[in-house]
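[1] Let me see the structure of the following:
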Amino acid sequence: HLLMMGIGLVLTVLMQSSSAAVATTLTALHSGAIGFEQAASLVIGAAIGTTVTAGLASIGASTAAKRTALAHVLFNLCTGLIAVILLPLFLRALGWMESRVGWGADATGLAAFHTAFIAVGVLVFFPIIGPFSRMIERILPEKESRLGRHLDAGLFTVPAVAMEAARECLRKCSMALFQQLQLRIQGTAPSRADELLIAEIEMALRQSSEFIAKIPGFEGEAVGSHMRRDAYHAVDHLAQLLPSAKETVSERGGVPLRDGVVLCAQALSGAIGSLTQPGDGTVVAQLADESTNLADWRKAVRRDLLEAKDSQATDAALQSLDDIRSLDQIAYHAWRIAHYLRRDPLPQG
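    Next up, the predicted model:
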């Protein structure tokens with residue numbers, strides 16, 4: 001039995017398909033080249049052999065893919081063990097059915113055996129899916145950020161898909177960052193959870209930049225270069241915007257920032273909308289106008305501060321210039337990020 005299981009395992013590894021190994025076994029059984037017990041052992045080995053294929057497929061893959069492969073390996077090993085235990089019982093049942101209804105040790109019986117032990121495996125694992133998945137997560141903890149978990153090296157075989165995965169990761173980072181910035185400009189200090197999220201965004205940006213650099217050339221290199229350049233621009237703007245998410249904006253020096261905060265909040269909301277739904281570029285154009293308006297506001301406030309006659313008030317008000325510039329820069333970078341990462345509508349027809 002062990003020898004036949006080993007042969008079934010090797011067949012699956014060589015053909016990279018347990019279905020092909022089972023089909024070969026059914027043919028051999030039907031032709032009388034092997035007996036039913038030998039065929040059953042081959043089928044068990046073929047089921048276990050798929051674990052090798054899953055392991056090979058997970059090499060260099062993301063943590064999620066590795067977890068899936070590990071779950072597949074453990075499930076098939078357990079079902080193989082269940083099949084070894086069930087084989088004597090199944091043979092007795094098959095002998096009984098052959099004497100009663102004429103259903104014997106043929107290809108149909110072998111298919112029924114294969115289906116039966118897989119079904120039993122499902123029934124065994126179904127009640128413990130939760131604990132089983134948590135065990136897999138403990139064995140293979142998440143190494144990459146949650147935002148960057150879809151940056152799978154397996155996508156490099158289709159460069160366009162890989163690039164879109166990178167752009168989607170950057171969109172998620174952008175939306176998470178914009179939401180954090182909305183809190184900062186309202187004067188809300190970052191909580192511990194916020195700090196962890198900002199660190200996760202920072203990690204995802206590094207992963208995205210490294211992932212984009214590894215994407216092979218496109219079939220249409222002009223289009224590919226354009227998409228790669230836009231992605232790098234977005235990464236650069238996000239990196240410049242990230243420090244603003246760690247600091248709150250306040251009305252220091254008695255300078256009212258309400259108008260600037262309103263304009264900046266509008267820009268952030270528009271940027272989030274442009275990254276969520278496809279558009280015709282109208283939202284991005286509006287963001288450009290809002291960024292310009294905020295820049296004009298910054299210049300006007302700065303001029304008023306510098307031309308103030310009360311020197312003491314001027315010295316105190318100058319402390320707010322950093323916040324004024326920060327609001328301007330947030331709106332500008334949000335506009336540029338939305339420009340480079342916006343979702344273009346799908347072509348019609």
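
[2] In three-state terms, label the residue nearest in space to the middle of the chain for me.
    By CA atoms, centre = their mean, the chain has its centre lying nearest to His150, at 2.5 Å. Using DSSP: H, G, I helix; E, B strand; the rest coil, the structure places His150 in coil.

[3] Next one: it relative to Ala176, how far apart?
    Going from His150 to Ala176 by CB to CB, to the nearest Å gives 15 Å. All C-beta atoms are positioned from the backbone trio N, CA, C, and that covers glycine.

[4] Please apply the same query to His233.
    19 Å.

[5] Stretch 115-130 - what's its average pLDDT?
    Mean pLDDT, stretch 115-130: 88.

[6] cool, stretch 261-274 as well?
    Rounded mean pLDDT across stretch 261-274 is 89.

[7] how about the helices in the stretch 51-200 of the chain?
    Here the stretch 51-200 of the chain has its helices, by DSSP state H, counting those that start in this stretch, at 63-101, 107-125, 129-139, 159-185, 192-214.

[8] Relative to Ala21, which of those helices is closest?
    helix 107-125 (10.9 Å; CB to CB).

[9] List the buried residues in that closest one.
    By 16 or more other CB atoms under 10 Å, the buried positions in helix 107-125 come out as 109-110, 113-114, 117-118, 121.

[10] nearest to Asn76, of those?
    Using CB to CB, those come closest to Asn76 at Gly121, 8.1 Å.

[11] Nearest residue to that closest one in space, please, no chain neighbours.
    The shortest distance from Gly121 to any non-neighbouring residue, by CB to CB, 6 or more residues apart in numbering, is to Thr79 (3.3 Å).

[12] I figured the one you found hits Leu123, correct?
    No. Counting by CB atoms under 8 Å, Thr79 stays clear of Leu123, with 10.5 Å between them.

[13] burial count for the closest residue in space to the residue nearest to the centre of the chain that isn't next to it in sequence?
    In this structure, His150 finds its nearest non-sequential neighbour in Ala165, 5.3 Å apart by CB to CB, 6+ apart. By other CB atoms under 10 Å, 20 other residues sit near Ala165.

[14] Before we move on, what's the pLDDT of Ala165?
    90.

[15] Wait, it touches Asp152, no?
    Yes. The criterion here is CB under 8 Å, and Ala165 meets it with Asp152 at 7.2 Å.

[16] how much space is there between Ala166 and Gln179?
    Going from Ala166 to Gln179 by CB to CB gives 21 Å.

[17] Looking at those two, which one has more neighbours?
    More crowded of Ala166 and Gln179, by other CB under 10 Å: Ala166, with 28 against 15.

[18] where does the more buried one sit relative to Cys173, distance-wise?
    11 Å.

[19] Need the residues touching each of these two.
    Common contacts of Ala166 and Cys173 (CB atoms under 8 Å, 6 or more residues apart in numbering): Ser208.

[20] Tell me how many other residues crowd Leu81.
    14.

[21] for Leu14, same thing?
    There are 11 residues near Leu14, going by other CB under 10 Å.

[22] Name the SS class of it, please.
    helix.

[23] And the contacts of stretch 23-35?
    Contacts for stretch 23-35 (CB under 8 Å, 6+ apart): 4, 8, 11, 15, 36, 39, 42-43, 46, 105-107, 110-111.

[24] Which one of His233 and Ala176 is surrounded by more residues?
    Taking neighbours as other CB under 10 Å, His233 and Ala176 compare with Ala176 leading, 19 against 15.

[25] What are the neighbouring residues in contact with the residue lying closest to the more buried one once chain neighbours are set aside?
    Distances taken as CB to CB, 6+ apart place Ile201 nearest to Ala176, at 5.7 Å, with adjacent residues excluded. The contact partners of Ile201, taken as CB under 8 Å, 6+ apart, are 145, 147, 173, 176-177, 180, 238, 242, 245.

[26] Excluding residues flanking it in the chain, which one is nearest Lys66?
    Lys66 sits nearest to Ser58 (CB to CB, 6+ apart), 4.7 Å away.
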